[in-house]
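Undergrad: Next input, structure requested:
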Amino acid sequence: MTKKTLRTIIYSLISIVGLYALAYGLFRKDEEHLYTVMASGGAAFFGVGITLLISNLLHSELDDLIEYLFKEEHLSSKSNNVEFCLGKWHIYHTSLKQQERIWMYGVTDFRIDKKLGTLKGKIFWLNKINEKKKYFIEAGIRSNKFIFLCKSKEGGEPHSVMAIENANMDNIDIACGIQIHQTWDGPTAISFVLISRTPIFQSRDTLELSKEEQNELDDIWFSKAKEQNIINLTIPNNPLVEKETGSPETRNYGFNQVLGSIPYNAMYRSIESSTEFILVQTWSPEMQPILKSVEKMVVNGGSVKIFLLHPGSILAKKRSVDLREQIDYVSENIRNNTSNVRSMYKRLIGDSKCLPSDIKDRIKLFYYTSLPTLALYKTNKKAWTSFYWYGTHANNATILEFDFNSNTEAQTHYQEHLRLLERFSLPVNLHNTDEPEIPDSDEHIEPRLSIGKFQGNE
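TA: So this is what the prediction gives:
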């Protein structure tokens with residue numbers, strides 16, 4: 001029983017007793033002394049009781065009005081939910097730091113707030129320069145959704161909101177959800193969240209997560225979302241795809257985000273931590289720094305396949321025109337890329353740490369003569385793709401970033417595309433400077449086109 005209820009009962013009893021005494025006194029007018037005492041006393045008690053009762057009710061409404069107008073809203077929960085959620089929780093969420101999507105880790109210990117039914121805690125996240133930054137969390141449960149409001153201790157940042165589904169279910173060890181927040185790079189994002197009573201990975205003193213752990217967290221999120229029948233509708237026309245039967249099926253192609261250009265630093269780090277790298281381009285202006293990371297990967301046992309447009313192809317000349325450059329612009333850059341690959345190959349062949357026969361199998365260069373379908377930079381767990389817009393190099397066009405974890409279908413689709421591309425491409429001999437001959441089909445096409453029309457800078 002609350003204090004408000006108890007006061008209401010007491011004030012009501014005072015009013016009833018006063019009213020009874022007043023009525024009794026009025027019926028005993030024949031006894032003047034009794035009449036005076038009962039009537040006046042009863043009226044006084046009744047008046048005081050009614051006054052206190054009205055005051056109590058008005059005071060409560062006034063408090064509610066002040067709370068609504070002037071005090072910040074807080075999350076409240078039922079007492080059994082509050083008890084369930086007390087204690088330590090390990091929280092993982094994705095963010096964007098230096099143009100790289102990363103998983104972040106922190107631990108909080110929820111306690112009951114002075115606000116009835118509300119949980120509070122604090123947590124540390126690593127900021128953009130990997131320094132610990134303190135945040136306060138207010139939490140509550142609504143309809144099996146664990147909701148966090150996070151704010152920086154220093155202020156100045158927008159609140160972030162996390163919503164985790166079924167976090168108060170005993171049979172769920174790791175719960176998944178989403179977050180709306182401002183990333184370290186500035187843009188606001190909708191990102192993944194995982195929470196668990198125990199650490200997902202072995203206990204540590206650091207908040208940093210390895211690349212392998214971050215990739216595993218992606219797998220865990222998609223797995224938990226599938227278990228709880230959570231689908232992603234943030235991307236138009238995805239993930240519901242009609243099957244032949246007409247019934248919807250959840251499909252996940254691993255799409256992550258749209259970028260304005262290739263995030264080179266993130267890509268270099270991804271290459272070095274991978275065991276495979278595939279590049280599909282007409283030519284790449286960043287081939288030399290890319291190969292520096294590739295070389296580190298190969299020394300550690302990785303392999304690389306590079307597909308470039310045949311420099312002697314008519315399509316190389318046509319692409320030069322599309323870029324408003326001289327007619328041999330693309331061909332020259334392809335040959336420069338090829339020279340870069342040969343130099344790396346020869347260095348590794350001469351490296352005492354690497355077996356020549358092994359290097360031959362792990363470094364492959366191909367020329368293709370078909371129309372370029374897309375530009376592709378692919379590591380084990382991530383890929384960046386782009387398109388050949390008129391007048392713009394693919395690296396500077398719209399970039400689509402994909403995650404290649406075990407729960408996406410992106411691997412299947414890209415592997416099939418690359419299998420066919422390799423089948424119809426020409427292997428380049430890296431031991432010498434010989435250039436594969438252009439297939440007859442390409443030679444038959446060339447005379448039909450008036451090369452004189454392809455003049456640069458028109």
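
Undergrad: Only C-alpha atoms from now on, for both contacts and neighbour counts.
TA: Fine.

Undergrad: how about the closest residue in space to residue 160 that isn't next to it in sequence, secondary structure?
TA: In space, and not counting its chain neighbours, residue 160 is closest to residue 181: 4.5 Å by CA to CA, 6 or more residues apart in numbering. Here residue 181 is recorded as strand under DSSP: H, G, I helix; E, B strand; the rest coil.

Undergrad: Residue 105 versus residue 181, what's the distance?
TA: 15 Å (CA to CA, to the nearest Å).

Undergrad: Could you do residue 280 as well?
TA: 35 Å.

Undergrad: now swap in residue 262 and tell me
TA: From residue 262 to residue 105 the distance is 26 Å (CA to CA).

Undergrad: How many residues are close by the nearest residue to residue 374 once chain neighbours are set aside?
TA: Leaving aside its sequence neighbours, residue 374 sits nearest to residue 387 (CA to CA, 6+ apart; 5.0 Å). Neighbour count for residue 387, taken as other CA atoms under 10 Å: 20.

Undergrad: residues touching residue 387, list them.
TA: By CA atoms under 8 Å, 6 or more residues apart in numbering, residue 387 lies in contact with 373, 374, 375, 394, 397, 398, 399.

Undergrad: Check the residues you listed for burial and list the buried ones.
TA: 375, 394, 397, 398, 399 (16 or more other CA atoms under 10 Å).

Undergrad: Out of those residues, which is nearest to residue 344?
TA: residue 375 (22.0 Å; CA to CA).

Undergrad: Tell me who's in contact with that closest one.
TA: 279, 280, 281, 282, 385, 386, 387, 388, 394, 395.

Undergrad: try residue 332
TA: residue 311.

Undergrad: May I have the secondary structure class of it?
TA: helix.

Undergrad: Find me the pLDDT at it, would you?
TA: Per-residue confidence at residue 332 stands at 95 (pLDDT).

Undergrad: Ok, residue 359 next?
TA: At residue 359, pLDDT is 81.

Undergrad: try the one 5 residues further on
TA: According to the predicted model, the pLDDT of residue 364 comes to 93.

Undergrad: Relative to the helix or strand containing it, what are the paired strands and their orientations?
TA: Following DSSP states H and E, one finds residue 364 within strand 363-368. Paired strands of strand 363-368, with direction, are strand 303-309 (parallel), strand 426-427 (antiparallel) (DSSP bridges).

Undergrad: how distant is the following helix or strand past it from the center of its chain?
TA: Later in the chain than strand 363-368, the nearest helix or strand by DSSP H and E is strand 375-378. Strand 375-378 has its C-alpha centroid displaced from the chain centroid by 21 Å (CA atoms, centre = their mean, to the nearest Å).

Undergrad: any idea how far the residue nearest to residue 374 is from residue 397?
TA: Remark: distance between residue 387 and residue 397 (CA to CA) = 7 Å.

Undergrad: and if you look at residue 97?
TA: In this view, residue 97 and residue 397 are 21 Å apart by CA to CA.

Undergrad: so where's the stretch 101-250 of the chain shaky on pLDDT?
TA: 114-117, 167-171, 203-205, 233-250 (pLDDT under 70).

Undergrad: Do a quick rundown of the helices in it.
TA: Taking DSSP state H, counting those that start in this stretch as the criterion, the stretch 101-250 of the chain carries its helices at 211-227.

Undergrad: Right, I'll leave it there.
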